[in-house]
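Asks: okay, predicted coordinates and the sequence, questions at the end:
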Amino acid sequence: MPKRARCPYCDRLFSRDRLDAHIQRCRMRNTSAGRSRPPSRRSLIVDGNNVAYYLSRKGAPRVQNLILARQSLRQAGYRPIIVVSAALIHKIDRPEVLASMMDGTSVIESPRGRNDDLTIIRLAEKRNAEILSNDRFLDWQDRFPWLASRLRRYRMTPAGLILS
């Protein structure tokens, strides 16, 4: 059976090969009709390094992935808080854009010397939020038993980020 994922606009299940086209139609329908999904404004802690490196060419992280993820999650009714490591700004393709994103409250830089995974986990614990990452945080499962139940996986498409 092919893997399936939900549309962030209408919450219907689709096979992955049909999902991208459906999301584009659903997004156009909501925009042209002047309506959108009512925002639930649930906090979602995003593993920024994981998203930035997703399908990156030559192993270089992309700031465009972070921008797409933030836009997609906001449109889906989430309040994304992106956590990045202190070293990411030195490796990313457009550091000036990442620096401007960090000036706001939606992107947080993990303190130097601290594991960014721990920052993500503590922030999710404090806000009682889910974590968006394709990382399974295996090193932290024993210390934080609630972690496995709050992990959300994703995939990126040209249309944006899709929650699995």
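Replies: Received, thanks. Residues are numbered from 1 along each chain as shown.
Asks: give me the contacts around the strand or helix carrying Ser149.
Replies: Using DSSP states H and E, Ser149 sits in helix 147-150. Helix 147-150 has contacts (Cβ atoms under 8 Å, 6 or more residues apart in numbering) with 121, 124, 129-131, 137, 140-141. From N, CA and C alone the C-beta is placed, and that goes for glycine too.
Asks: same deal with stretch 45-56?
Replies: 59, 61-63, 65-66, 69-70, 73, 80-85, 88, 92, 107, 116-117, 120, 123-124, 127, 129-135, 154-156, 161.
Asks: if any of these are buried, give me the ChimeraX selection for them.
Replies: Here is the ChimeraX command that selects the buried residues among those (16 or more other Cβ atoms under 10 Å):
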select :61,62,63,65,66,69,70,73,80,81,82,83,84,85,88,92,107,116,117,120,123,124,129,130,131,132,133,154,156,161
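Asks: circling back to that earlier point, would you point out the most distant pair within the contacts of helix 147-150?
Replies: Of all pairs drawn from the contacts of helix 147-150, the one with the longest distance (Cβ to Cβ) is Ala129 and Gln141, at 17.8 Å.
Asks: and the residue nearest to Cys10 when sequence neighbours are not counted, what element?
Replies: Nearest non-adjacent residue to Cys10, counting by Cβ to Cβ, 6 or more residues apart in numbering: Cys26, 5.5 Å away. Element membership for Cys26, per DSSP H and E: helix 16-32.
Asks: in that helix, what's buried?
Replies: Neighbour-count burial for helix 16-32, counted by 16+ other Cβ under 10 Å, picks out 19-20, 22-23, 26-27.
Asks: ok, which stretches of the protein are helices?
Replies: With DSSP state H as the criterion, the chain has helices at 16-32, 48-53, 63-75, 88-91, 95-102, 116-127, 147-150.
Asks: can you redo these as CSV with mean pLDDT and distance to Arg42?
Replies: Below are the helices of the chain laid out as CSV (pLDDT from 0 to 100; distance: least, Cβ to Cβ, whole Å):
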stretch, mean pLDDT, distance to Arg42
helix 16-32, 75, 19
helix 48-53, 95, 18
helix 63-75, 93, 10
helix 88-91, 93, 25
helix 95-102, 92, 21
helix 116-127, 95, 10
helix 147-150, 94, 12
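Asks: export those to JSON lines and tack on distance to Arg6?
Replies: JSON lines is the format used below for these (distance: least, Cβ to Cβ, whole Å):
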{"stretch": "helix 16-32", "distance to Arg6": "8"}
{"stretch": "helix 48-53", "distance to Arg6": "19"}
{"stretch": "helix 63-75", "distance to Arg6": "13"}
{"stretch": "helix 88-91", "distance to Arg6": "29"}
{"stretch": "helix 95-102", "distance to Arg6": "27"}
{"stretch": "helix 116-127", "distance to Arg6": "21"}
{"stretch": "helix 147-150", "distance to Arg6": "18"}
